[in-house]
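Engineer: Predicted model, plus sequence, below.
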Amino acid sequence: SQTIHQWPATLVQPVGSPLSLECTVEGTSNPNLYWYRQAAGRGLQLLFYSVGIGQISSEVPQNLSASRPQDRQFILSSKKLLLSDSGFYLCAWSVRPRQGLGTDTQYFGPGTRLTVL
Amino acid sequence: AQTVTQSQPEMSVQEAETVTLSCTYDTSESDYYLFWYKQPPSRQMILVIRQEAYKQQNATENRFSVNFQKAAKSFSLKISDSQLGDAAMYFCAYRSPNTGNQFYFGTGTSLTVIP
């Protein structure tokens, strides 16, 4: 069965410090991968998605970046954190079909709670 | 862009009773997918149920069922025989087959189950 891991589970960082959040998927190959942010009391905001190694699409302008160095690894980074980067970060994956743009179900990881002080 | 609206920020239900969570969406597309996700205090997002717009039959998963009204662009979730473990945030989501990588989420409904 497929599983998705995220770490760390919680993180407290000072403003201006760097960030690296990691997400890995097991039990599947060539997944589509996603990074979402959820601010307190808000819905989910798609930050990045990837359809393959080295292929990253950004949905919103920000001081965050994403990378996919391996097929089942997705990393969210920042060189200098802002207070507004605080939130709950969720990684998700979906099956990439042989044809078409994507499938209809996303599977989410346990999330990382980031607090920027 | 498509928008998803959940007009009930908070709902409560007595244990063993039935509750319905509302969701409406705005789209000009005829084919799409709709989802309900549950986010318990652990914060992990869990898929509850999904509905393909081309299917007229409402989706059902055990105690969870939907009332899909395509013309009204409404997609409500009914939870029957509510259990304490159902307490969570519930998010409605829309996915277009034309923008396969983009899910549009509502702002969520916080469900409290009263013992």
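Structural biologist: Nice, I can see it.

Engineer: Distance check, the residue nearest the centre of chain A against residue B:90.
Structural biologist: What sits nearest the mean C-alpha location of chain A, by C-alpha atoms, centre = their mean, is residue A:35, with 2.6 Å. Distance of residue A:35 to residue B:90, computed by C-beta to C-beta, to the nearest Å: 22 Å. Where C-beta positions appear, they are placed from N, C-alpha and C, glycine not excepted.

Engineer: Return the residues of chain B in contact with chain A.
Structural biologist: B:4, B:33, B:35, B:37, B:42-47, B:50, B:52, B:91, B:95, B:97-103, B:105-108 (C-beta under 8 Å from any C-beta of the partner chain).

Engineer: hmm, which of these are the buried ones?
Structural biologist: Buried members of these, counted by 16 or more other C-beta atoms under 10 Å in any protein chain shown: B:4, B:33, B:35, B:37, B:43-45, B:50, B:91, B:95, B:97, B:100-103, B:105-108.

Engineer: Helices - which of those land there?
Structural biologist: Among these, no member is found in helices (DSSP state H).

Engineer: Neighbours of residue A:105, how many?
Structural biologist: 15 (other C-beta atoms under 10 Å in any protein chain shown).

Engineer: what's the spacing between it and residue B:34?
Structural biologist: According to C-beta to C-beta, residue A:105 and residue B:34 sit 12 Å apart.

Engineer: Quickly list what's touching both of these two.
Structural biologist: Here residue A:105 and residue B:34 have residue B:50 as joint contacts, going by C-beta atoms under 8 Å, 6 or more residues apart in numbering or on different chains.

Engineer: Which helix or strand in chain B has the lowest average pLDDT?
Structural biologist: Every helix and strand in chain B was compared by mean pLDDT, DSSP states H and E; the lowest is strand B:103-105, with a mean of 87.

Engineer: Could you please name the strands it pairs with and the direction of each pair?
Structural biologist: Strand pairing for strand B:103-105, using DSSP bridges, gives strand B:88-95 (antiparallel).

Engineer: residues in contact with the partner strand?
Structural biologist: Strand B:88-95 is contacted by residues A:43-44, A:104, B:2, B:4, B:6, B:21, B:23, B:25, B:27, B:32-41, B:45, B:48, B:75, B:77, B:102-106, B:108-111 when judged by C-beta under 8 Å, 6+ apart.
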